[in-house]
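Participant: attaching a predicted model along with its sequence, questions to come.
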Amino acid sequence: MYLEYKINEALNSISEHMIGSVNSVSHRDLVQVAFRGFGVKVKVNTDSAVSKDKDMIVVTGEYSPWKVRQNIELVLNYAPSGKRIKITKKIWKTLRFDLSQVLQHELIHRRQCTHIEVPSEDWADHSCKIYASKANIPAKKVAQEYFGSTEEIEAHAHCIMMELREWAPRTNPFDILRHPKRLRHNQSPTLKDYLETFDYDMRHPALKRLFTKIVYWIETQEA
């Protein structure tokens, strides 16, 4: 949706080289070539949170508005057991979607920063509107205030739209939104995380804003 055609076109250009590739350095270099025009730096990392029971690469991203060049960083995270994964067509299908989704998420953050009316030297300390958490558990409080920021709500709502379209293509997305408690994790992991973070309290202003933004992105892609 957000520069999606250009992003997917760039990923398609490396498909035949990614499929069959085993070495993480090759994976990084190929994605770097694909995303060079978007001001992206691609890195490789190992993370204990990545499952070692199956071949997978978890994509994460970060936008640093105070950087002049390559202010979006994408990381290919592998399990600590090793960074040699042969990219099959099945793995590439998932990885291609994840790369596109994460880059679009960070590009939305980049676009958001064009509207920040504060000096650029203060961007690192910029704080968007946050729905203050009343949670007593520190981890819950941190999660709610991260997911409750208006900038993250907009960007994650876009992720949710993409997931519903990709992972629940035969289900009307509005039917899913009308019955959030019936949502399956594989239909939209991001939406499931939001619902669990805010304890399925549909009256919470963060969830109300999130659902409004999801509808916006769904209607925008259908326009």
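Facilitator: Perfect, I can see it now. Numbering: from 1, shown residues only.

Participant: for the rest of this, base every contact and every neighbour count on C-alpha atoms.
Facilitator: Fine.

Participant: would you map the strands across this structure?
Facilitator: 40-46, 58-63, 72-78 (DSSP state E).

Participant: highest mean neighbour count out of these?
Facilitator: Each of these was scored by mean neighbour count; the highest is strand 72-78, a mean of 22, by mean count of other C-alpha atoms under 10 Å.

Participant: tell me which strands that strand pairs with, and in which orientation.
Facilitator: According to DSSP bridges, strand 72-78 has the following sheet partners: strand 40-46 (parallel), strand 58-63 (antiparallel).

Participant: tell me which of the strands of the chain sits nearest to Phe198.
Facilitator: Relative to Phe198, the nearest member of those by C-alpha to C-alpha is strand 58-63, separated by 22.6 Å.

Participant: show me what that closest one is in contact with.
Facilitator: Applying C-alpha atoms under 8 Å, 6 or more residues apart in numbering, the contact partners of strand 58-63 are 50, 71-78, 95, 98-99, 102-103, 106, 109-110.

Participant: swap in stretch 203-222?
Facilitator: Under C-alpha under 8 Å, 6+ apart, the answer for stretch 203-222 is 1, 131, 147-148, 153-154, 157-158, 160-161, 174, 177, 194-195, 198, 201-202.

Participant: that older thread, of the strands of the chain, which is nearest Lys90?
Facilitator: Using C-alpha to C-alpha, the nearest of these to Lys90 is strand 58-63, at 14.5 Å.

Participant: how about the strands of the chain in JSON lines, adding mean pLDDT and distance to His27?
Facilitator: Formatted as JSON lines, the strands of the chain follow (pLDDT from 0 to 100; distance: least, C-alpha to C-alpha, whole Å):
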{"stretch": "strand 40-46", "mean pLDDT": "97", "distance to His27": "9"}
{"stretch": "strand 58-63", "mean pLDDT": "97", "distance to His27": "12"}
{"stretch": "strand 72-78", "mean pLDDT": "97", "distance to His27": "8"}
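
Participant: tell me which of these lies nearest to Lys89.
Facilitator: Here strand 58-63 is closest among these (C-alpha to C-alpha), at 16.3 Å.

Participant: CA atoms only for the closest one, dumped as PDB, please.
Facilitator: Provided in PDB are the C-alpha atoms of strand 58-63 (Å, rounded to 0.1, in the frame of the first residue of the first chain):
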ATOM      1  CA  VAL A  58      12.700 -12.700  11.500                       C
ATOM      2  CA  VAL A  59      12.800  -9.200  10.000                       C
ATOM      3  CA  THR A  60      12.900  -6.200  12.300                       C
ATOM      4  CA  GLY A  61      13.300  -2.500  11.500                       C
ATOM      5  CA  GLU A  62      14.000   0.900  12.900                       C
ATOM      6  CA  TYR A  63      13.700   4.500  11.600                       C
END
